[in-house]
Structure formats: structure tokens, C-alpha cells
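A.B. asks: just need the structure, nothing else, for what follows:
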Amino acid sequence: MPSSKGILERIGSRVDVPEPSYERFVRRRERIQRNRRIGGGIVGIGLAVALIAVLGIVSAERADRPAIAPDPLPTNGWLVYLNGSEGANSAGLYVAREGVSPRRIVASFAGRHHQCPSFSPDGTMLAYTEFDRPYIEVDRPRTVSLVVTLIDRSGTPIGAEQRITTTMMDGNLCARWGPDSRRLLYRDGAGLWIATLDGSLTTELFRDGEDSASFSGVWSPDGSTIADWVGSGVLLLPSDGSVPSRHIPVDLGDGASLTWSPDGSDIAVGQGGRNPGLVVIDVDEGIARSLDTGVPPVGGAPTWSPDGRSIAFVVDYGDKEGRIALVDPDSGDVVLLPPVVVPEVSERPLSIWEVAWSPDGRRLLTIGSSGDGYAVITIDADGASPPVAVSRESWGFYRTAMSDVDWQAVYP
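C.D. replies: Modelled structure (predicted):
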């Protein structure tokens, strides 16, 4: 595999990328998708390397907000999550479904640890973070890589890997896919970067001078803009690296999280421990308005539903269990779902801190924890049926967070 330095020098001097090129990768991905549609098997992996290493671095109806209906409508595929238990026998990345036992697809062991798995929006690829030393060992640099691979219909990585590698004293290289499934947004130290899968473009969008373990950058639905929290408000950055950027002031303090509405017109900003702790920004007008939801302070990052009608977030009810709240982004009206109780995990309500939507918008995804472990849990968005524990795990070396679990979108 070429070194990162060599790849950067080649890109910087505009030397043509050798075959096999990205077009071969695209053709293979399209062939996989076509075979899925006709019910065939996955294209054999005996072809010449299809994944080239040029990445190197690589619920009320509302008339005023119509539903967004993706075409074609995705269904809910595999769930991928991190099991952070110590030992080579159990640690690693797993895929599971409701009613289907978890299965490990990437093994973790000494010198090879993982975090932050995420499926590409088209459901054909998986990205995850790999590092050589435990997160808690921050006294010396760690080698951290972002790994990208194709996946087959069972959720298993296939073919060669593409990587972006860096050396960091702290933090993780967790990427966020662009809507086109061809670009990746990530934070490396003090910089916010976008890399393309063909290696033709790697752009540093923003550098704030602070080495950070995380970032709140989110893509606009059309992929043209990145919204990032900078401590004094929301910074809007063109994703092609051009200027100018825009700054929208919002008085929420540090640690805010962002979610973009499906139609791209608004950004919701949430900040834990505040009431109101949820703000909606009109992107065109640059105007922020608070949603006084009338519930205890926001505990987890807000996330907009795929149809645009609700924002889900977690509120703190004082006993650490948390409750999922669904808020109308126009009126601020709130529906509180019941406490998350899964008898096979605990008779008491589970502690939850964040929530995400399923690809079809009908279910919610969260991690519930109890005294002896945690569970990856799915919930009806209308609260009509009991929560389902997709996987139950004991506490391990790493605490699994919502950045360590993702739901695959599957298209016909």
C-alpha cells in the first residue's frame, strides 16, 4: 500500500492516478446494486482490486411542512455497532437485525481497535475508525486510520480497503459520509477535511487552531454545504472549499450538536443541560429561534426525521434514564415516548443519551445502559410496541456511544 506521504505528493503534483481507477470501483458498485435488484448474488471478489488505495488519506399531520418522500424509499437494513469488550474473542464491529443474532464482521485485538462504523447513504459501503492503541492511552501519539470498504448483502466487508491515516495524541478519526456516497467529512486535529473516494480532491475546509477529539460538522442534504458548530454559532462552509463562509450566531455555549432538515431549509441545534436547549435556524434568512419545548433540558443531540416532520432528542428526567422526545419543528409541540424498558436487559428504565432515526423513518435507534451492560435498542417512533433489544453486551474496555452504531439504508 502506498504511503500517505507518497499519495499526497502524487495528488499535489497532479500526476494521473494509475489503474485500476475509481471508475472501476464505481462500475463494481453499480454492478452489485443491479444484481441486488434482480435477486442475484454479489459480484465475485476475484476481480482485479476494485477498491483502490488512492483514498490513502483519504405524531401529528401538519399542512405547513409537507413530508419529504425519498424516491425510492429506503428500507431498514443491517445495524452495525461496536462491541468494546476486552479480548480477541468478542471485541470488534458487529452487524445485527431485529430477530437476527449479531455477527462479528471486523475483529478487534491488541494493536487493532475500532470505533465509529457508518454505512454510506446508498448502503453499499462501510467506513470505520481503526487505531493501534487504546483511547485512554493519550501520553503518546496513536496511529489512527479511517477505513472504507465495500460490503456484501450480509453486511460483510469485501475486497481491498481504502485508508486515510494520521498520527494523533488524542481523539478519533470519525468520518461522515456525503449524500453522494463519494465524499467523506472528517476532523484531523485542528482541521476539518473532505476527501473524495477517487483521491482526486482532498480539501481542508476549516482550521480553528484547536486539536479536537470530535466535531459537529454535518452535510447539507444536497451536499453543497457543511454546517459546523464553532462555539459562538453555526459556521456554513461550501463543501468544495470555496469562499465565502457564513456565520450564524447562536447563544448556546459549547458542545452543541447540529442536524439539518431533509429539505435543507433549516438547521436544528441542540445543547445539553439547557431549557430551552433546542434552536431552529432558517438557513436562508440566518435567523435562529428557540423552541421552548416545556420539557426538562435536552440531554442528547437532536436528529431530524427523514420526512421532516419531527426532531427527536433525549430529555433528562433526573434519574438518569432519559426519555425520547419528538418535537414539532414549527410549533414546538412535544410528544414524550414512554421510558425505555427492556425486561431481558433490566426491569428498570434504561439510561439513554442519544437517539437516531431508521432509514424509513418509522423506528428509532438508541443505546440503553444498565448497571451490568448495555443494549442496542430499536423503538417504534409512535411508541405503539415495546422496545426491541437487537443486541445485549456487557461493559467492556470501550463505552459504546451513538457514534459507534449506524443503520443501513437499503434501496430496491
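A.B. asks: and for stretch 400-408, what are the contacting residues?
C.D. replies: For stretch 400-408, contacts defined as C-beta atoms under 8 Å, 6 or more residues apart in numbering pick out 76-84, 115-119, 123, 155, 174, 300-301, 353-356, 358-359, 365-367, 374, 376, 393, 398. (C-beta placed from N, C-alpha, C; glycine too.)
A.B. asks: now with 7 Å, please.
C.D. replies: Residues from elsewhere that reach stretch 400-408, judged by C-beta atoms under 7 Å, 6 or more residues apart in numbering: 76-82, 84, 115-119, 123, 174, 354, 356, 358-359, 365, 367, 374, 376.
A.B. asks: how about stretch 82-101?
C.D. replies: With contacts defined as C-beta under 7 Å, 6+ apart, stretch 82-101 is touched by 78-81, 102-109, 114-115, 117, 128, 155, 378, 388, 390-391, 393-394, 396-400, 404.
A.B. asks: any of these buried? List them.
C.D. replies: Among those, those classed as buried by 16 or more other C-beta atoms under 10 Å are 78-81, 102, 105-106, 108, 114-115, 117, 128, 155, 378, 390-391, 393, 396, 398, 400, 404.
A.B. asks: restricted to strands, list those.
C.D. replies: If you go by DSSP state E, those have 78-81, 102, 105-106, 114-115, 117, 128, 378, 390-391, 393 in strands.
A.B. asks: low-scoring stretches of the stretch 301-412 of the chain, by residue?
C.D. replies: By pLDDT under 70, the low-scoring segments of the stretch 301-412 of the chain are 317-320, 395-399.
A.B. asks: now swap in the stretch 101-250 of the chain and tell me
C.D. replies: 134-141, 166-172, 189-190, 199-201, 208-215.
A.B. asks: which stretches in it count as strands?
C.D. replies: Remark: strands assigned in the stretch 101-250 of the chain by DSSP state E, counting those that start in this stretch are 113-119, 125-131, 142-151, 157-168, 176-177, 183-188, 191-196, 202-207, 218-219, 225-229, 233-238, 246-249.
A.B. asks: looking at those strands, spot the one closest to residue 260.
C.D. replies: strand 218-219 (5.5 Å; C-beta to C-beta).
A.B. asks: so which elements touch that closest one?
C.D. replies: Strand 218-219 is packed against strand 257-260, with contacts defined by 3 or more C-beta pairs under 7 Å, 6 or more residues apart in numbering; DSSP states H and E.
A.B. asks: for the strand it packs on, C-alpha coordinates in CSV please.
C.D. replies: Output in CSV follows, covering the C-alpha atoms of strand 257-260 (Å, rounded to 0.1, in the frame of the first residue of the first chain):
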residue,chain,number,x,y,z
SER,A,257,-24.9,19.4,18.1
LEU,A,258,-26.5,20.0,14.7
THR,A,259,-29.0,18.3,12.4
TRP,A,260,-30.1,19.5,9.0
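A.B. asks: contacts for that strand?
C.D. replies: Residues outside strand 257-260 that contact it (C-beta under 7 Å, 6+ apart): 216, 218, 220-221, 227, 229, 234, 267-270, 301-304, 311.
A.B. asks: if we only consider those, which is nearest to residue 162?
C.D. replies: Distances from residue 162 to the contacts of strand 257-260, taken by C-beta to C-beta, are shortest for residue 218, at 22.7 Å.
A.B. asks: wait, doesn't that closest one sit right on residue 229?
C.D. replies: No - judged on C-beta atoms under 7 Å, residue 218 makes no contact with residue 229 at a distance of 9.3 Å.
A.B. asks: would CSV of the strands of the stretch 101-250 of the chain with distance to residue 291 be doable?
C.D. replies: Shown next, in CSV, are those (distance: least, C-beta to C-beta, whole Å):
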stretch, distance to residue 291
strand 113-119, 28
strand 125-131, 32
strand 142-151, 35
strand 157-168, 36
strand 176-177, 24
strand 183-188, 27
strand 191-196, 27
strand 202-207, 28
strand 218-219, 18
strand 225-229, 17
strand 233-238, 16
strand 246-249, 16
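A.B. asks: among the ones you listed, which is nearest residue 256?
C.D. replies: Checking these against residue 256 by C-beta to C-beta gives strand 225-229 as the closest, at 4.7 Å.
A.B. asks: can you show me the CA trace of that closest one as CSV?
C.D. replies: Extracted C-alpha coordinates of strand 225-229, given in CSV (Å, rounded to 0.1, in the frame of the first residue of the first chain):
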residue,chain,number,x,y,z
THR,A,225,-22.5,22.9,2.4
ILE,A,226,-21.1,21.8,5.7
ALA,A,227,-22.5,23.2,8.9
ASP,A,228,-20.2,23.1,11.9
TRP,A,229,-20.5,24.4,15.5
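A.B. asks: helices or strands up against that strand?
C.D. replies: Packing partners of strand 225-229 (3+ C-beta pairs under 7 Å, 6+ apart): strand 233-238, strand 257-260.
A.B. asks: adding mean neighbour count and distance to residue 203, write these out as CSV.
C.D. replies: As requested, the helices and strands packed on strand 225-229 are exported to CSV (neighbours: other C-beta atoms under 10 Å; distance: least, C-beta to C-beta, whole Å):
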stretch, mean neighbour count, distance to residue 203
strand 233-238, 20, 10
strand 257-260, 22, 20
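A.B. asks: of all those, which one is nearest residue 412?
C.D. replies: strand 257-260 (25.4 Å).
A.B. asks: in its sheet, what does the closest one sit against?
C.D. replies: In the sheet, strand 257-260 lines up against strand 266-270 (antiparallel) (DSSP bridges).
A.B. asks: beyond the strand it pairs with, next helix or strand please.
C.D. replies: With elements assigned by DSSP states H and E, the helix or strand that comes after strand 266-270 is strand 278-282.
A.B. asks: with distance to residue 198 added, can I get the helices and strands packed on strand 225-229 in a markdown table?
C.D. replies: A markdown table is the format used below for the helices and strands packed on strand 225-229 (distance: least, C-beta to C-beta, whole Å):
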| stretch | distance to residue 198 |
| --- | --- |
| strand 233-238 | 20 |
| strand 257-260 | 25 |
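A.B. asks: what segments of the chain are helices?
C.D. replies: In the chain, the segments counted as helices under DSSP state H are 4-12, 22-37.
A.B. asks: mean pLDDT lowest where, among the ones you listed?
C.D. replies: The minimum mean pLDDT among these belongs to helix 4-12 (a mean of 34).
A.B. asks: what sits against residue 123?
C.D. replies: Residue 123 sits next to 77, 408-411 when contact means C-beta under 7 Å, 6+ apart.
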